[in-house]
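**Q** Show me the folded form of this:
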Amino acid sequence: MQLDHDQLRQLLALLGDSDIQELKLEGDDFRLEVRRNLPVPAPVAVLPAPLPAAVVPPVAPVPAAAVPAAPSAPPPAAAAARSDLQTITAPMVGTFYRSPAPGEPAFVEVGSRVAAGQPVCILEAMKLMNELETEFSGEVVEILVENGTPVEFGQALMKIRAA
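**A** Prediction:
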């Protein structure tokens, strides 16, 4: 079998119009292989027929007098009790540790007095141990995070009653 250039062009034109992906043709003195990577059409999702709309009975409006009024502000005693508390927050994402090393005592406990600049915990981030120092003096009234717990940026760690 012999193919000249015109026959080869005609063959390739016919293949271009067809959906044949691969063709191998061999003759005495030639070998022709044609492969195409046609894009595969995306599968078409067949959706079920829509369900009939559910009939919902009308709901009677609730009279305004039946709804209890929400308090607009917390009681003054609660506001006064919280005004002297400062919150230490996490300046980064990391793991919270209460002591400088395993087996050592915690930096602070509930009831401990702290001074501004005193370390209160360690935040580990990417294998780096970062001591977190308080910015104010006072008494630790609450530790909000368990030892070894991951914390988020801005998460409250401790509450301190300002001195």
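**Q** Scan the helices and strands of this structure for the one with the lowest mean pLDDT.
**A** One helix or strand of the chain scores below all others by mean pLDDT, DSSP states H and E: helix 76-82, with a mean of 47.
**Q** I'd like the next helix or strand past that one.
**A** Going down the chain from helix 76-82, the next helix or strand is strand 85-89, by DSSP states H and E.
**Q** Residues in contact with that following strand: which ones?
**A** Strand 85-89 has contacts (C-beta atoms under 8 Å, 6 or more residues apart in numbering) with 120, 132, 134-136, 138, 141, 154-162. The way it works is simple: take the backbone N, C-alpha and C, and place the C-beta from them, glycine included.
**Q** Pull out the buried residues from the helix or strand where residue 129 lies.
**A** Assigned by DSSP H and E, residue 129 belongs to strand 128-133. Of all the residues in strand 128-133, those buried under the rule 16 or more other C-beta atoms under 10 Å are residue 132.
**Q** Among the contacts of strand 85-89, which lie within strands?
**A** When DSSP state E defines the strands, the subset of the contacts of strand 85-89 inside them is 120, 132, 138, 141, 156-162.
**Q** And for residue 100, the neighbour number?
**A** By other C-beta atoms under 10 Å, 14 other residues sit near residue 100.
**Q** Any idea how far apart the tips of stretch 25-32 sit?
**A** With C-alpha to C-alpha, to the nearest Å as the measure, stretch 25-32 spans 5 Å from end to end.
**Q** Check stretch 90-97 too.
**A** End-to-end distance (C-alpha to C-alpha), stretch 90-97: 12 Å.
**Q** who touches the residue nearest to residue 159 when sequence neighbours are not counted in this structure?
**A** Spatial nearest neighbour of residue 159, excluding adjacent residues (C-beta to C-beta, 6 or more residues apart in numbering): residue 142 at 4.1 Å. If you count contacts by C-beta under 8 Å, 6+ apart, residue 142 has them with 110, 158-159.
**Q** Check residue 31 too.
**A** Residue 31 sits next to 24-25 when contact means C-beta under 8 Å, 6+ apart.
**Q** Neighbours of residue 104, how many?
**A** For residue 104, the neighbour count with other C-beta under 10 Å is 9.
**Q** Can you give me the buried ones in stretch 136-155?
**A** Buried residues in stretch 136-155 (16+ other C-beta under 10 Å): 138, 140, 143, 145, 151.
**Q** pLDDT and distance to residue 103 for the residues you listed - can I get that in a markdown table?
**A** Formatted as a markdown table, the buried residues of stretch 136-155 follow (pLDDT from 0 to 100; distance: C-beta to C-beta, whole Å):
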| residue | pLDDT | distance to residue 103 |
| --- | --- | --- |
| 138 | 94 | 28 |
| 140 | 95 | 21 |
| 143 | 95 | 19 |
| 145 | 95 | 20 |
| 151 | 95 | 22 |
